[in-house]
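Asker: For reference, the sequence and a predicted model appear below.
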Amino acid sequence: MLSYWRLHKYPILFVVGSILFYASFGYDLVRTDFIKLIMLFGGLFFFMTKLMQFEKWNFKFLLVAGILFRLVFLIAEPNLSQDFYRFIWDGELIKNGLNPYLHTPNDLINQSDLAIANAQELHTKMGTLHARHYSNYPPVNQLLFALSAILGGGSILGSIIVMRLTLILADIGVLYFGRKLLQNLNQSNHMAFWYFLNPLAIIELTGNLHFEGVMLFFLIWALYLISKNKWALAAPMYSLSIMVKLMPLLFLPLFLKYFRFKKSALFYGLVGAGFIVLLLPFYAPSFIENYSETLKLWFSNFEFNASLYNIIKKIAVTQYEAKPWELIESYGKIITKVILVITLLIAFLRKNHNLESVITSMVLVLSCYYFLSSTVHPWYVVFLMGLSLFTKYRFPLVWSLAIVLSYQAYSNPDNRENLWLLALEYILVFGFFIYEIIGRGSKKLYFFKK
């Protein structure tokens, strides 16, 4: 024991320091205290880099450290997001035989026979935005909510603990299949720990109960199976990833050159079949209309931590007296088409003949989407950062630190953003992105290489 301490003294101290910082983050932080938030986050990021510097080949040490960091949050109530109240509400609906795609919380809350545990508290704390809209979370996500409601025994804390354990298991799965995929791509498998120890992933997924890690788990599992030429087995995993969050739908065209036409058609067919099977338990005649109505909100009504959109908005409002609520609606409609065009261009102009190139294309497509989007919540970047570790790009790692600047909006009751801080965030991200492109492709455009 003494010799182990001598050999690993500093890493052990970094782990202890991280545990204390995560405990402070989970149990003693009010989200309006931006100074404390940014100092804790910065300290945790420093500890992560030092752990990777000293112990990157010590699998057991880093595995235990990553699990311990997550378990710190086990009984903590999320303090940076209120979305989990809606998660529990949807789970309670399914538990009681109600379809969350057919009923808004506002429609149900005044029913005298509503048999939902903690209904009034969940309805009040989820916020008016959630309360007046149908659920926008895909079916697999809903099943996980239902599992948390059933195993949670009608307790909000019980449901939180079940969701948290589910997310921890998903992150362990990301580490497991991520290391295997890295090996199959002839890359260093320790890179997976940049995700597993990343403070953004730990705080936003385990801490604040966002399910990007589950989506990433199924996607990486699918990519690993594809790397083993088991694409038929990969299709159901890909379907599960889509039905946790819809984002992997955007990547499907990128497989066209990799699989070629015949195999692509079969793969898409299997993914589509899985999609339909997972959707059937929730289907009803009004499902598509209700879900589409809610989904449109994310493209045309919200704005948070945007880059290009904030520039366009500033010019349009100050120079052309545009109305912000009309601008964002028009912008959302245009951007969905622009992203589709960019995806098809990357699908057809990049070679995408090997799996690393396909994953690189995913990172480029997702980056373009986030750069153009009017809403980039911090937990969105976890998905991009996780995928980037299988490529040569590292700017998403920089973003996983720089995005802490967007938390400043939480310090205001109306979530008003500081555009100077957002400008600093995106200068760091775009600067490193451009540096990586120029560094790898001064003679050829790396963006359309491979």
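Answerer: Now that the structure is in, tell me what you want to look at.
Asker: helix or strand right after whichever helix or strand M215 is part of?
Answerer: Under the criterion of DSSP states H and E, M215 resides in helix 212-227. For helix 212-227, the following helix or strand on the C-terminal side (DSSP H and E) is helix 231-242.
Asker: Can you give me the buried ones in that next one?
Answerer: W231, A234, A235, P236, M237, Y238, S239, L240, S241, I242 (16 or more other Cβ atoms under 10 Å). C-betas here are computed from N, CA, C, even on glycine.
Asker: returning to what we had before: check which helices and strands the helix holding M215 sits against.
Answerer: helix 139-151, helix 156-184, helix 231-242, helix 355-372, helix 378-388 (3 or more Cβ pairs under 8 Å, 6 or more residues apart in numbering; DSSP states H and E).
Asker: Tell me which of those sits most buried.
Answerer: For those, the largest average neighbour count (mean count of other Cβ atoms under 10 Å) is found in helix 378-388, namely a mean of 25.
Asker: contacts for that helix?
Answerer: 174, 178, 194-195, 198, 200-201, 204-205, 208, 210, 212-213, 215-216, 219-220, 245, 247, 305, 359, 362-363, 366-367, 370, 394-397, 399-400, 403-404, 406-407 (Cβ atoms under 8 Å, 6 or more residues apart in numbering).
Asker: Number of residues surrounding W57?
Answerer: W57 has 11 neighbours, counted by other Cβ atoms under 10 Å.
Asker: hmm, back to that, out of the helices and strands packed on helix 212-227, which is closest to F73?
Answerer: Comparison of the helices and strands packed on helix 212-227 against F73 by Cβ to Cβ identifies helix 156-184 as nearest, at 6.5 Å.
Asker: buried ones in stretch 423-434?
Answerer: Neighbour-count burial for stretch 423-434 flags E425, Y426, L428, V429, F432, F433 (criterion: 16+ other Cβ under 10 Å).
Asker: Among these, name the ones in helices.
Answerer: E425, Y426, L428, V429, F432, F433 (DSSP state H).
Asker: how about the residues you listed, which pair is most distant?
Answerer: Longest span within those, Cβ to Cβ: E425 and F433, 12.5 Å.
Asker: Adding distance to L279 and pLDDT, write the buried residues of helix 231-242 out as CSV.
Answerer: What follows is those, written out as CSV (distance: Cβ to Cβ, whole Å; pLDDT from 0 to 100):
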residue, distance to L279, pLDDT
W231, 22, 96
A234, 19, 98
A235, 15, 98
P236, 14, 98
M237, 16, 98
Y238, 15, 98
S239, 10, 98
L240, 12, 98
S241, 14, 98
I242, 10, 97
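Asker: Closest one to L29 out of the residues you listed, please.
Answerer: For those, the nearest to L29 is S241 (31.5 Å; Cβ to Cβ).
Asker: contacting residues for the closest residue to T166 other than its chain neighbours?
Answerer: Residue nearest to T166 in three dimensions, not counting chain neighbours: L144, with 5.9 Å by Cβ to Cβ, 6 or more residues apart in numbering. Applying Cβ under 8 Å, 6+ apart to L144 gives the contacts G91, M163, T166, F211, V214, V244.
Asker: neighbours around the first one, how many?
Answerer: G91 is surrounded by 28 other residues when neighbours are defined as other Cβ under 10 Å.
Asker: show me what contacts it?
Answerer: Each residue near G91 by Cβ under 8 Å, 6+ apart is listed here: Q142, L144, F145, A146, L147, S148, A149, I150, G152, S159.
Asker: same thing but 7 Å
Answerer: Remark: with contacts taken as Cβ atoms under 7 Å, 6 or more residues apart in numbering, G91 is in contact with F145, A146, S148, A149, S159.
Asker: now the fourth one: how far from P100?
Answerer: If I follow you right, that is A149. Here the criterion is Cβ to Cβ, to the nearest Å. By it, A149 lies 11 Å from P100.
Asker: quick one, helices of the stretch 1-150 of the chain?
Answerer: 2-27, 34-55, 59-71, 83-95, 105-108, 119-125, 128-131, 139-151 (DSSP state H, counting those that start in this stretch).
Asker: let me fix that: the stretch 301-450 of the chain
Answerer: Secondary structure of the stretch 301-450 of the chain (DSSP H, counting those that start in this stretch): helices at 308-320, 324-349, 355-372, 378-388, 395-402, 419-441.
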